[in-house]
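**Q** structure for this input, please:
(one chain, ligands or ions: 1)
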Amino acid sequence: MLYRSLNGHHKKVNFETAVKNGLAEDGGLFFPEKISPINNEFIKNLDKYSNIDIAHEVIKQFIGDSINEKDLKEILSNTVDFDFPLIDLGNNIYSLELFHGPTLAFKDVGARFMANCLGYFNKNKNITNTVLVATSGDTGAAVANGFFKVKGTNVIILYPENKVSEIQERQLTTNGNNITALRVKGSFDDCQDMVKTAFIDPEYEDKIRLTSANSINIARWLSQMFYYFITYKKLAAQSKPIVFSVPSGNFGNLCAGLVAKLMGLPINHFIASTNVNDTVPRFLETGTYDPLKSVPTISNAMDVGAPSNFIRIEELHDYKLDRLRGNLSGFSYTDAEATAAMGHLLKKLNYIAEPHGAIGYLALKNYLKTKPDAQGIFLETAHP
Ligand SMILES: *Cc1c(COP(=O)(O)O)cnc(C)c1O
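**A** Numbering: from 1, shown residues only. Alright, predicted model coming up:
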């Protein structure tokens, strides 16, 4: 399996190089040269396989010969060693809880997978990869935890001042060892711009082996497919159309779900659920892509004005709006609406949600109004 740049540069690289470099030489995002469907019998019999075997079957085509089967399974056993409970809230609505990992948000799977891959690549080498990452809180925490003391890695985290919670700031800043956190006077988008600038800065070339641990890194992006396959295993006995509502910021998680669908997982439709940073829902409605500066909200992990994975979603649909609309709807909600939804979930359904998941819930309810026969799953991406 080789990866090409979405900016069009001709050079193709393998999984190891794509993970280590983060971005292509021309600054473009890496994209798999080919995505093949996985065996239909395997999907039909998912409930007979362990989470590790499922993860292996799903990811192996993307790894190629960069990691052998035995070591890949070992890496995966360190990646998916906690549960992803699916909570039935009645009326065909489920909450998929992705916050049972060590840092309490859904990014642990991607961060651990990437950290374990880099540790494996550097096992017998005397080199250091510097992992540079921008965070609105959860990514940095997952990366700090996943990379802590991983051989051959040095982690630099940029986070926006006053825009992460106190617990998150402690998760980012209290590790020491190979983890350094830097507080930036600015927004998450500013942090992300600094990362992008560093990658194309000739001064760093050859001096530092820089890589990113945002969902632009293929190891983080693609491993998020596991959630969708593992969840389908739990639903497999049921034949109703399946809809996933994905609270989105940089759109890595949602984009991974779309790849899962392309590989043959029978998902009927996806919903891009956002706060008022609604670049994608607006695009789906108007057909004009008009990224704006991000606005702070209470669902701050989704405060992204220019979602970096959206180009991958466009690529998956050949840049055709009607094809995209066939797979994806989008809805956005204010802080007041998210807060009211949390109250409703608690009082009516006895379920404690937090703002990101509450937005997923609202968008799902909205979509299901016209699709009463579907079963809907919203992702609860952080611990309340
Ligand atoms: C990162 C994050 C999101 C957004 O995920 P993307 O893959 O960037 O779209 C949503 N909710 C929480 C809690 C997050 O940490």
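
**Q** alpha carbons only for contacts and neighbour counts from here, please
**A** Fine.

**Q** closest to the centroid, which residue in this protein?
**A** The C-alpha lying nearest the average C-alpha coordinate of the chain belongs to N253 (Cα atoms, centre = their mean; 3.2 Å).

**Q** grab the nearest non-local neighbour of that residue.
**A** Q224 (6.0 Å; Cα to Cα, 6 or more residues apart in numbering).

**Q** now for that neighbour: which residues touch it?
**A** By Cα atoms under 8 Å, 6 or more residues apart in numbering, the residues touching Q224 are 109-110, 253, 256-257.

**Q** list the contacts for the residue nearest to the centre of the chain?
**A** For N253, the contact set (Cα under 8 Å, 6+ apart) comprises 221, 224-225, 246.

**Q** per-residue pLDDT, it?
**A** N253 carries a pLDDT score of 98 in this model.

**Q** in strands only, show me the contacts of N253.
**A** V246 (DSSP state E).

**Q** would TSV of the contacts of N253 with distance to the ligand be doable?
**A** What follows is the contacts of N253, written out as TSV (distance: Cα to the nearest ligand atom, whole Å):
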residue	distance to the ligand
W221	8
Q224	9
M225	11
V246	8
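
**Q** picking up where we left off before, do the helix or strand where the residue nearest to the centre of the chain lies and the ligand meet at all?
**A** Using DSSP states H and E, N253 falls within helix 252-262. Yes: using Cα under 6 Å from any ligand atom, we find that helix 252-262 touches the ligand at 252-253.

**Q** do the helix or strand following that helix and the ligand come into contact?
**A** Next helix or strand after helix 252-262 toward the C-terminus (DSSP H and E): strand 269-274. No: using Cα under 6 Å from any ligand atom, strand 269-274 stays clear of the ligand, coming no nearer than 8.8 Å.

**Q** may I have the strands that pair with strand 269-274, each with its orientation?
**A** Strand pairing for strand 269-274, using DSSP bridges, gives strand 242-247 (parallel), strand 328-332 (parallel).

**Q** up against the ligand, what does the stretch 51-200 of the chain have?
**A** For the stretch 51-200 of the chain, the contact set with the ligand under Cα under 6 Å from any ligand atom comprises 105, 138.

**Q** what segments of the stretch 51-200 of the chain are strands?
**A** Using DSSP state E, counting those that start in this stretch, the strands of the stretch 51-200 of the chain run over residues 86-88, 93-97, 129-134, 153-160, 179-184.

**Q** Throw those into JSON lines and include mean neighbour count and mean pLDDT, thanks.
**A** Converted to JSON lines, those look like this (neighbours: other Cα atoms under 10 Å; pLDDT from 0 to 100):
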{"stretch": "strand 86-88", "mean neighbour count": "14", "mean pLDDT": "96"}
{"stretch": "strand 93-97", "mean neighbour count": "22", "mean pLDDT": "97"}
{"stretch": "strand 129-134", "mean neighbour count": "24", "mean pLDDT": "93"}
{"stretch": "strand 153-160", "mean neighbour count": "24", "mean pLDDT": "95"}
{"stretch": "strand 179-184", "mean neighbour count": "18", "mean pLDDT": "97"}
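
**Q** quick one, which of those gets closest to A213.
**A** strand 129-134 (5.5 Å; Cα to Cα).

**Q** neighbouring strands of the closest one in the sheet, and parallel or not?
**A** Going by DSSP bridges, the partners of strand 129-134 are strand 153-160 (parallel), strand 209-212 (parallel).

**Q** how far does the last one sit from its chain's centre?
**A** Yep, that's strand 209-212 we're talking about. Here the centre of strand 209-212 is set off from its chain's centre by 19 Å, with Cα atoms, centre = their mean, to the nearest Å.

**Q** which residues are contacting that strand?
**A** Strand 209-212 is contacted by residues 19-23, 128-133, 195, 199 when judged by Cα under 8 Å, 6+ apart.

**Q** how does it look with 6 Å?
**A** Contact partners of strand 209-212, identified using Cα atoms under 6 Å, 6 or more residues apart in numbering, comprise 20-22, 129-133.

**Q** now it: average pLDDT?
**A** Strand 209-212 comes out at a mean pLDDT of 86.

**Q** so how far is the ligand from D322?
**A** Distance of D322 to the ligand, given as Cα to the nearest ligand atom, to the nearest Å: 22 Å.
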